[in-house]
Structures are given as structure tokens and as C-alpha cells.
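# Just the structure for this:
(2 chains)
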Amino acid sequence: MLESVGADSIEALFSDIPAELRIKRLEGIPEGLSEQAITRLMRERAAGDGAALSFLGAGAYEHHIPAAVWEITTRGEYYSAYTPYQAEASQGTLQLIYEFQSMMTSLTGLDISNASLYDGASALAEAALMALRIKRKDKTRRLLIPTALNPRYKSVLKTLCEAQDIHFHEIAFDTASGRMNAEALAAAPEAAALIVAQPNFFGVIEDTDRLECFARERGLALIAAVNPTSLALLTPPGEWGEAGADIACGEGQPLGVPLSSGGPYFGFMTCRNEHARQIPGRIVGRSVDDQGRSGFVLTLQAREQHIRRSRATSNICTNQGLAVTAATIYMSLLGAQGLKQVAAASHAHTRAIVQQLEAAGCKRRFDSPFFHEAAIELNRNAADVLSELLDAQGIVGGYDLAAVDPELADSLLVCATETKTEADIHHYTAALAELLKQPARAEA
Amino acid sequence: MRADPMLIFEHSRPGRHANAQAPAGNYPLEDLPSKLLRQHAPVLPEVSEMDAVRHYTRLSQKNFSIDTHFYPLGSCTMKYNPRASNKLAMLPGFLERHPLAPDATGQGVLTCLYELQEMLKTISGMSAASLAPMAGAQGEFTGVAMIRAYHQSRGDNERNEIIVPDAAHGTNPATAAMCGYKVREIKTGPDGDVDMASLEAALGPKTAGIMLTNPSTLGVFERNIAEIAKKVHAAGGLLYYDGANMNAILGKVRPGDMGFDVMHFNLHKTFSTPHGGGGPGAGSVAVGKRLEPYLPLPLVRRQDDGSYRMLGEAERPDSIGRLSAFNGNIGVLLRAYVYMRLLGVEGMHRVADFATLNAAYVARRLEEAGFELAYPERRASHEFIVTLKKLAKDTGVTATDLAKRLLDYGFHAPTIYFPLLVPECLLIEPTETESKETLDAFVEAMAAILAEAQSDADRVKGAPYSTPVSRLDEVRAARQPDLAWTGDNS
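As a prediction, this is how the structure comes out:
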């Protein structure tokens, strides 16, 4: 091969690289391992990871994933294909995305879905940018967001939007109900859009009809940040109030994607028809070939970076293809009825925890209805309780709410999904109750 | 005869479901006020488990993929994805851990991530790395956001321009705009190197930085890189390295040594994590000393007692912040880690050797077969460009036509119409994992199509013939959008 390219050595192929910049060896990179050796190493490392019992939610949820989901998703034809630029050679991926889009529009009650974004938090940031494009005349560059929004989502909004001179005004939560505070809303400054999290970070279900009415009367774009599992039960964003939300987005992980220490997950986004030109990310459409056969193509690409460059709706040039493949198969296996069972069982299990802890003398922090996640007041520092629970029982007991508001340092956010049994739940509540009975462990 | 059902929804039968897949039991919901509940169930498929498995298996068979076809898609580095990477990243201990679980429950995964950070430092010639960005475009965003944070920390607020060559990926200018910068485009010279006069004219007190890919998207190494770095630094700007083409220089030359201040890796290219039909990828970043304080979160630190910990806002007050709710695309990072450990240092040095040799070989053989190279005087890097300008003029056969006809010959098409500078172009990247036999077969197919174009152009223009559909009406797709099945449009 070297001969045919007219080079006397491999080295000669790199003659354009200035010699003084060349390196001889990547010092510090270890010698290669055989597959057997790396398998042993990774097995040892994985074996020590994870916890026997976890009651963490806070934006990522442990659901059962049917065995078929990742068996099919990791078939080489999905796993090792790329972006479907050559439609005729990518009908599998393209049709699957079309089916995904159909499922997400139905689940959220809106018209158009993209092929996914990176994760729930970055999808919300993209929704914020999109809302400003929808409200072209807005001069405020401001969005209203709930204080009871996942604090990590707030960080991501800040990272991804502030360079474009966009600001966020927080709407405090009502300390009794945990919902968005009506007075704080009424007193909110002018803005382009309102973000509503349903359920909010405390698991509390917001009165979305009232919030839609507020947004409509103020002329705000309405962005719904929703948990997809909850949509099997709760009113979809497209049906909130009279007009519905403009954009819905959220974390797709609960739909068949493993927790995996945080990713890869996928963000979903849907919107009303009238905003089709403003939605970021890939979109697949159905068309016909020259023999009249149905087929699928990437479409509405004039929004995207490879065409519009610096004037694109976003710099995104991928979707989370594999995670979307998993979610589409997950939703097909569960169906509407199965997804509703998952949502109902998850909710019932969290409710059982709440009831057992109430019986042991704890209180719910907020009095509004909740879905599948609840804030519990402990009368002790939640961080301490969590660390004692982990040390004594190996249980990951929930999420310390001090991250949202220092006033909530005595409160724990707890979540049980359908994966927990009655015995798991009882084990957890008994351990927690026992711990709360004892005097606080002396600080070293 | 009724056509076979096409969509999963068309397989639905009322009430049919995969029995084993939902929790059994009756869960009353009386604590949820009825006005908050949805009135109509969403329309999801109503199928058995076997229906779903068969449907999605059959769909998969309509794809070309690396596992089934040679896939020389330029700029995408479609190399073989070892199965070990997938299997070991999906060990239960890794999959089951919650992202917010204490560090103590994740020492295995954190060890891998820490070692990955260290390896990326070595490979890039930089002083620190963050694994947070979830794709190349997010890595770009991160890099430019750090450049911005650096200038702001110095009170240097007049710098509002990012320089981008006209050959750059579309994500570069889109990223600069997302970071609040104006884009200043500069020209490429006839030899494929950056036009130095154009660069000098663009540099000045408004320059925040420059985004460069090297080798460039034209498939040639930027020979003046040291000079460019000197000039940009002298003007007070920083240099951003787009790692899209890292496969060409792995173990040969390091971005840090070339003078770059920050770079992103496309782990899904260089380190062979799966492209997955378009994602997820991973766009890890590495930086020199100056930008270290601004790295995105989380970062993994090794502590004195040998344990590992994720750092957050409290320890990193100057960080540009978080890019995802949790910790980035961990599963992708684990796959890259396994790949890198399998390669080891010797394997890494072989990557660029064979990626470059394969590209040079295919380029020469195609030239011999009568194709026109866009930069015949230059050495091909890991990819190269063929232009069909003359063929299109003589026969009407375009880059699209040739790409479609290749599918009939059992090859995925190269990237077409990118970079935008070269008319009727094919950007061809064979990668290092293909054998000479495969490359020869590809060249023969290309030569056969060239002969067809000259003897029977319509045959090529009507391709493909062997795929599940022929060319689809893209205008109709955009003008009469059908973006979701609603039950009324089946």
C-alpha cells in the first residue's frame, strides 16, 4: 500500500506536520489489555458500585426496563449506524424516530416533536431559547422559573443561556402547599415566558390550569417541564387550561434508559404546530419515493447549523439516538395501559412510604397532592440522617432538600418507583423511624 | 391485497399488551384530584412483546451500519465499535447506580472516569480535562464559554469576535453565536491552508479567539499552525481546537503542543463509542493552565487516601457551570475508556498510521481510476476530498447521484456537499479498521459507477434500486410536513 501511494514509510505520510511539533510517544498511556484482562478489571470495578436499596429520584428514576429493550437497541444495525443522512440506507432509524415523535406528541398532547436533545436540563435551556425566538418582540430577555425547579436544571439554564444575555426570575414556592406562590406570580416582572415544572421538584402537582391562565393573560410563552411517566396519569401540557402549553420538554430517562450514574439520557421536546420553524434539533418527516412508497427523511433542516451556521436555532447536530431507540421500544412494550400501571404503582409505593413515616411521627413538608415523590420533614438535619442511613443500613435514603432552600435542611425528598416491594418499603421506613428515635449522632 | 402494516401503531389491536412488562396489581389513585388527571389515554402501541421485537428487529434491517457495511462517511470516523466496550459499560453495577448517589457507592465508575481524564490530558498535551460535555457541539460550546470566562475575568470585555475559517463545521459558527459572539469568517487559500492575509486582517482588539480543526475539514494538515498560534496569541486571543479530526494526529502531534488553549474530543469518533443512529456522543474537553479554573462540572478528583470524588460548585467557584442535569454521558465515557485500555499506547500510535495510510491509498487508487482529487498536490490526512465538478458538467451525474448508486453496490456513501468550499464533493474517510480488501472493493465500485456515469448517466441518476425505498421527495416532506402519526394519516 505504501508503494502505491509513493511513500517509503508510514512516517512519510506525516511530512506536513512540522518536525518540531511531533511527539515520539504518548508517555503515561498504559500498555494495551486483552479483552479478557479488561473484562476482569471492569467486572471488579462494577461489582463494588451501586447500592442495595435506593430511594433517590430528583430527576432520574429507577424503573424496570424490559429485557427486550436493550437487546434490540444494541443490535449492530442501530448501534453502529450514524445520523440518517442517506435516507434510503437509514429507513430503520428514520422510521423509529418518526414513531418516537408520534408517541411523544401523543403523550404531551402537542403537535410536533423533535428527535431528542441531550438531556432534560439542556432541553429546558433549548426551550428557553426557543421561547425567546417565539416572542420576537420581547425586550426583557427574561424568563420566569419556579424556585421549586430542579437545582441542577437552574445551573444548566444559567450555563447555556447567560452568554446570550438571558435572565431568570424565580417564583418562590408557597411554604404550605409547595406550589408556585400566587402572590409572587402576581408581583413578577415582565418577561417572555413562564416555565412550569409538573410535578415540581418537590413532587408537588401544580395547578396547571391556573398557571396557563396567568401565562396567557400576561402574553407569556408557556414552557412545561414534565416527567414522561407522570403523563400516563396527569393532564398533558397540550391540554393545560384553555390553550395549553407552547412547548413541553423533559428528561426521557424514565422511559427505558438505565440510571448509569447520570447518562446517557435524552431530552425530549414537543411544541404546537405554529412553532415548527423555531424548534431546535433533528426532525423526521414522512414522504413518498418516486414509486409512491412511504418513506422517512430528515426534514425542516433549514433551522439547523449545517445550513444556517451562525443563525441556526441551536448548535446541536446530534440527537441521543440510542436512548431514543430504547425509549421507543419501551413505550411499545408498555403501551398506554402499562405506562399507567408503572406510574400508578410508583405513586402508590411513594404514598406507602409517606403513610408509614407519618405513622412514625414524621410530617409531609407540603400539603398539596404529589406524584411519585414527596418531601418529608424529619426534625433533624437531612444530610446527617442520610449519611447515618447509608453507614448503618447501606440504604441511599433520598435527597437532601437544602440544595433548593437552606430552610429545607430538615427535609428529605423521597421516591419509590414500581421496582420497590412492600418489604423494601417497610425495611426503609423502619430503619428511618428507628434512626429518628435515637439522639443525633455526636459530630466529630 | 392489503399492504403490510408499516408503523408500529398499525400493528395495534385494542387491549393487546405485553403482559409481563407492567407491574401487576391495582393501585388506587383517589388521592390525586380528578381535575389533574388526563381525560384520554395517550395513543401508544397496543402490541405483544413479540410484535414489538419483530417490528424493531425488521426495522433495524433497513439500516446500513458499520457492522453490516463499509461506511466511509467523511468527518464522522466510522470505525469498528468493539463489542467489549458495550458489554462492559453495561455491567449491572454501572447501570444501576443513581447519578446523585454518594461517591462512596461509585468508586468503580469514578476510577474509570478519573483515569480517562488523565489519558485525555496526555493525548491532548493539556493540563486538565473535563468529561462533562455530551457531544462535540457541546464541547465546542464549553470551549468557547471558557474563552469568554477567561476574558471576562481579566476585565477584557471588548473582545466580541470569534474567528472561524470558511471550511469549518457548521457547529463552529453556531456555537460562537450561542456564546454571544460575532463570527468573523476567514478564507482558505488554494492549497487548503488558512489564508494568512485574511487571518491578519481579522485579528485585532476585538478578537476573543479562533476555532480551528487540524487537519482541516479539507483533509489536509494546517502547516502554518505554529505561526497562526503566535499571531492569535499576540493579538490577545485564544485558540480552540475542534477535535473532530483527532484520528489523523493521535500520537503524532498534540493540540497543546501546536499552541491550542482548549480542545474538545469526539470520543464517538476517535475512541470508537457507537454513533447509535446519531448519538449519544461525548465531547470531553481539555485545557491549558490558563483555562483550568473555568472547566465545566463535574470533575473527578483523586484524593490523598486513594478514593475518588466528584467536585461541584463549592470547590470550583469559577467554573462555567453544568451542561447537563447530572454527570454527562457516563455510559459513553465508559465505552471510550474500555476502548482506550484495549488499544493501549502502542495501539493508539497505530490509529493515525493506518487511518492515514488507508486514506492515502484510497485517494491514490481513485485518482488512478479517473476521479479528480480536490487537493492533488497535498498529502491526504485521514480523509480526503474528491470533486465531481467535471463529471457533473459532462454527464449531469452529481455527488448525490454517485452517493445513491454506491448504496446499490453495498457501500454507505461518503459525506457529500461538505465542506461547502469544494463543488460536488465527496469527503471520504475509510478509518484504520478497514482491510485492504474492503478498500479495493470500494474503489472498484467507484470505478464501475464512473463508467456507468459515462455510458448510462440515467442509470446512476435513478439510483438507488436495491434499498427499501428509492429517493424520497424531500420538498414534499418540508412543504407538507407529516411529522407524527395521528391515526388519521396512516
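
# Could you use CA atoms for every contact and neighbour count after this?
OK.

# give me the low-pLDDT residue ranges for the chain?
Since you didn't name a chain, this refers to chain A. A:439-444 (pLDDT under 70).

# should've been chain B
B:1-4, B:490.

# Please identify the residues of the stretch 351-490 of chain B in proximity to chain A?
Neighbours of chain A within the stretch 351-490 of chain B, by CA under 8 Å from any CA of the partner chain: B:353, B:356-357, B:360-361, B:364, B:379, B:381, B:404, B:407, B:412-413, B:464, B:467-474, B:476-478, B:481-486.

# ok, now with 6 Å
Counting by CA under 6 Å from any CA of the partner chain, the stretch 351-490 of chain B comes close to chain A at B:361, B:467, B:469-473, B:477-478, B:482-485.

# Can you tell me which of the residues you listed has the most neighbours?
When neighbours are counted by other CA atoms under 10 Å in any protein chain shown, residue B:483 leads those with 26 neighbours.

# which non-adjacent residue is nearest that residue?
Closest residue in space to residue B:483, ignoring its immediate chain neighbours: residue A:285 at 4.6 Å, by CA to CA, 6 or more residues apart in numbering or on different chains.

# Residue B:369 now?
Residue B:369's closest residue in space is residue B:447 (CA to CA, 6+ apart), at 5.9 Å.

# and the helix or strand where the one you found lies, how far out from the chain's middle?
In this assignment (DSSP states H and E), residue B:447 forms part of helix B:436-455. Using CA atoms, centre = their mean, to the nearest Å, the distance from the centre of helix B:436-455 to the centre of the chain it belongs to is 27 Å.

# Chain B contacts on the stretch 101-250 of chain A?
A:101-103, A:106-107, A:121-122, A:152-153, A:155-156, A:159, A:163-164, A:233-235.

# rewinding a little: the residue nearest to residue B:483: which element?
Take DSSP H and E as the rule and residue A:285 turns out to sit in strand A:284-288.

# what's the spacing between residue B:72 and residue A:150?
Note on residue B:72: its distance to residue A:150, by CA to CA, to the nearest Å, is 42 Å.

# In terms of neighbours, single out the busier of these two.
When residue B:72 and residue A:150 are compared for neighbours, residue B:72 comes out ahead with 26 against 19, by other CA under 10 Å.

# Of all the residues in stretch A:230-243, which ones are buried?
Using 16 or more other CA atoms under 10 Å in any protein chain shown as the test for burial, stretch A:230-243 gives A:230-241.

# Do a quick rundown of the strands in chain B.
Secondary structure of chain B by DSSP state E: the strands cover B:128-130, B:161-165, B:182-186, B:207-213, B:238-243, B:262-265, B:285-287, B:299-302, B:308-311, B:372-373, B:384-387, B:415-416, B:425-428.

# quick revisit: any chance of the residues of the stretch 351-490 of chain B next to chain A in CSV, with distance to residue B:29 too?
Below are those laid out as CSV (distance: CA to CA, whole Å):
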residue, distance to residue B:29
B:361, 67
B:467, 50
B:469, 47
B:470, 50
B:471, 51
B:472, 48
B:473, 48
B:477, 43
B:478, 43
B:482, 37
B:483, 34
B:484, 31
B:485, 30
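
# Could you list the domains of chain A?
A:53-62+A:335-437, A:67-329 (automatic domain parsing).

# what about residue 263, how many neighbours?
In the absence of a named chain, this looks at chain A. Residues near residue A:263, counting by other CA under 10 Å, number 29.

# my bad, the chain I had in mind was chain B
31.

# Who does it form a beta bridge with?
Applying DSSP bridges to residue B:263 gives these bridge partners: residue B:241, residue B:286.

# Residue B:70: how many residues sit nearby?
Residue neighbour count, defined by other CA under 10 Å, stands at 24 for residue B:70.

# show me what contacts it?
residue B:411 (CA atoms under 6 Å, 6 or more residues apart in numbering or on different chains).

# and it, how far is that from chain A?
Going from residue B:70 to chain A by CA to the nearest CA, to the nearest Å gives 11 Å.

# Identify the residue of chain B closest to chain A, quick one.
residue B:344 (3.4 Å; CA to the nearest CA).

# Skipping its backbone neighbours, what lies nearest that residue in space?
Per CA to CA, 6+ apart, closest to residue B:344 is residue A:32, 3.4 Å.

# which stretch of helix or strand covers that neighbour?
Going by DSSP H and E, residue A:32 is not in any helix or strand.
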